[in-house]
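**Student:** sequence first, predicted coordinates after that:
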Amino acid sequence: MNEAPRTTSLFDRPSLVHLEALGRALDPLPGFGAFLDALPDIYAGTDFRRLARRWAECALERRPVGIGYGAHVVKVGVQAHLMDLMRRRALGFLATHGAGAIHDVELAMAGKTSEDVAAGLEEGRFGMAGETVEVWKAALGRVHSDGIGLGEALGREIVDNDFPYRRHALLAQAYELDMPVAVLVAVGTDTLHVHPGMDGAALGEGSMRDFRRLCQFVATLERGLWINLGSAVILPEAFLKGVALAANSGIDLSGMMTAVLDMIRHYRPTQNVVVRPPGQGLQIHGQHELLVPLLHQAVRWYMQHPRPREGEACASAS
């Protein structure tokens, strides 16, 4: 057990997600406004439009919008929709965890990611892609040498090495736009952590810097928007700590809107993002590969066709 694991090549490893399957961000489709108007004004129909309108208002008025996302968001191919909003300055902060960043790095390098876990375990190769490990080790070196957070270090590593598919990587796009991105690692949860030479001190240092950056961003959300997109535990917990620090500092977040978009209802996102923080909290259930493109279209539509602002009271049924 003291021997280094036998690694395999990421480029030879079978992967479940390839570039050809990723989605594309389109300009608002003709008639999409009529589709929005045709939605029922009840339950998710009400909340979907309220969320899209708040997002568009924030974009037009340069108010903060941030997203905490899980690994599944990267795997189902909605990067282009988020990147389009990043480039339009309609999205100003990203946070993810180790698994989300691993998939991002692999897509940038090889144009594919996501293992068949069961098959990989049986063959002894799950989590053993050597190239992925080396990129992370280099990024952790940047954490120490450059005094930066883990998200920025990974973005720099992708960009400086000019990985062939970097335009599909959220971390690289954020770095090139000089947009903050936080990668919060939970030690022992990622495949990388089993490999010798993985610098635990740098993992902790880089993640702590990013967590502090997240807390600084949360403190600005009085009239902004925070979306938890597919993270069941780590990002909801981190977000609530940012809310707690803001409250401790006397910062009023009563005008904030929060939203959870996920396939099923989870305890921590519901409590830590929707229920416990001040302000309005929304929750919409559905597949990311459908909800995110629809929300992208709606936000872009409302940005092009601003409407009178809705009353701040949440009128949706519970």
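**Tutor:** Received the coordinates, thanks. What you see is a predicted model; the values in this text were computed from it and never measured. Numbers count the residues shown, from 1 in each chain.
**Student:** from now on I want contacts and neighbour counts done on CA atoms only, so please keep to that.
**Tutor:** OK.
**Student:** go ahead and flag the most central residue of the protein.
**Tutor:** Central residue of the chain (CA atoms, centre = their mean): residue 69, 2.9 Å from the mean position.
**Student:** okay, and the beta partners of that residue?
**Tutor:** Beta-bridge pairing of residue 69 under DSSP bridges involves residue 229.
**Student:** wait, what's in contact with residue 99?
**Tutor:** 70, 71, 190 (CA atoms under 8 Å, 6 or more residues apart in numbering).
**Student:** phi and psi next, for the second one.
**Tutor:** Main-chain dihedrals, residue 71, degrees, to the nearest 10: phi -60, psi -30.
**Student:** my guess is it meets residue 95, correct?
**Tutor:** No - Residue 71 lies out of contact with residue 95 (CA atoms under 8 Å); the separation is 11.0 Å.
**Student:** more neighbours: those two, which one.
**Tutor:** The residue with more neighbours, out of residue 71 and residue 95, is residue 95; 26 against 20, by other CA atoms under 10 Å.
**Student:** quick one, phi/psi of that one?
**Tutor:** The phi/psi pair for residue 95 (degrees, to the nearest 10) is phi -140, psi 140.
**Student:** partner residues bridging it?
**Tutor:** Here residue 95, judged by DSSP bridges, has bridge partners residue 68, residue 182.
**Student:** what pLDDT does the model give it?
**Tutor:** In this model, residue 95 is scored at 98, pLDDT.
**Student:** can you name the residues that contact it?
**Tutor:** 66, 67, 68, 69, 181, 182, 183, 184, 214, 235.
**Student:** roughly how far apart are it and residue 120?
**Tutor:** Noted for residue 95: a distance of 28 Å to residue 120, by CA to CA, to the nearest Å.
**Student:** ok, back up a step: got the contacts of residue 95 as JSON lines, with distance to residue 295 and pLDDT columns?
**Tutor:** Output for the contacts of residue 95, formatted as JSON lines (distance: CA to CA, whole Å; pLDDT from 0 to 100):
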{"residue": "66", "distance to residue 295": "15", "pLDDT": "98"}
{"residue": "67", "distance to residue 295": "13", "pLDDT": "98"}
{"residue": "68", "distance to residue 295": "16", "pLDDT": "98"}
{"residue": "69", "distance to residue 295": "15", "pLDDT": "97"}
{"residue": "181", "distance to residue 295": "21", "pLDDT": "97"}
{"residue": "182", "distance to residue 295": "23", "pLDDT": "98"}
{"residue": "183", "distance to residue 295": "24", "pLDDT": "98"}
{"residue": "184", "distance to residue 295": "26", "pLDDT": "98"}
{"residue": "214", "distance to residue 295": "24", "pLDDT": "98"}
{"residue": "235", "distance to residue 295": "21", "pLDDT": "98"}
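**Student:** ok, residue 248 - how many residues close by?
**Tutor:** Look at residue 248: counted by other CA under 10 Å, it has 9 neighbours.
**Student:** show the pLDDT at it.
**Tutor:** So, for residue 248, pLDDT stands at 98.
**Student:** distance of the nearest residue to residue 39 once chain neighbours are set aside from residue 284?
**Tutor:** Leaving aside its sequence neighbours, residue 39 sits nearest to residue 45 (CA to CA, 6 or more residues apart in numbering; 5.5 Å). Relative to residue 284, residue 45 is positioned 9 Å away (CA to CA).
**Student:** of these two, who's got more company?
**Tutor:** Under the criterion of other CA under 10 Å, the comparison of residue 45 against residue 284 puts residue 284 first, with 19 against 16.
**Student:** ok, the more buried one touching residue 48?
**Tutor:** Yes - applying CA under 8 Å as the test, residue 284 and residue 48 come out as touching, 7.3 Å apart.
**Student:** could you dump the contacts of residue 99 into TSV with distance to residue 272 and pLDDT added?
**Tutor:** Formatted as TSV, the contacts of residue 99 follow (distance: CA to CA, whole Å; pLDDT from 0 to 100):
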residue	distance to residue 272	pLDDT
70	16	95
71	19	94
190	23	85
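**Student:** re the thing from before, not counting its own residues, what contacts whichever strand or helix holds the residue nearest to residue 39?
**Tutor:** For residue 45, the host element (DSSP states H and E) is helix 44-61. Helix 44-61 is contacted by residues 36, 39-40, 63-65, 89-91, 223-225, 257, 259, 282-284, 295, 298-300, 302-303, 306, 309-310, 316 when judged by CA under 8 Å, 6+ apart.
**Student:** quick one: buried residues of the host helix or strand of residue 135?
**Tutor:** For residue 135, the host element (DSSP H and E) is helix 130-146. Neighbour counts over helix 130-146 (16 or more other CA atoms under 10 Å) mark 130-133, 135-137, 139-144 as buried.
**Student:** ok, back up a step: which residues touch the residue nearest to the centre of the chain?
**Tutor:** 94, 95, 96, 97, 100, 228, 229, 230, 231, 235.
**Student:** about what we covered before: relative to residue 168, which of the contacts of residue 99 is nearest.
**Tutor:** The nearest member of the contacts of residue 99 to residue 168, counting by CA to CA, is residue 71 at 14.5 Å.
**Student:** hmm, back to that, now, the most widely separated pair of the contacts of residue 95?
**Tutor:** Most distant of the contacts of residue 95, by CA to CA, are 66 and 184, 14.9 Å apart.
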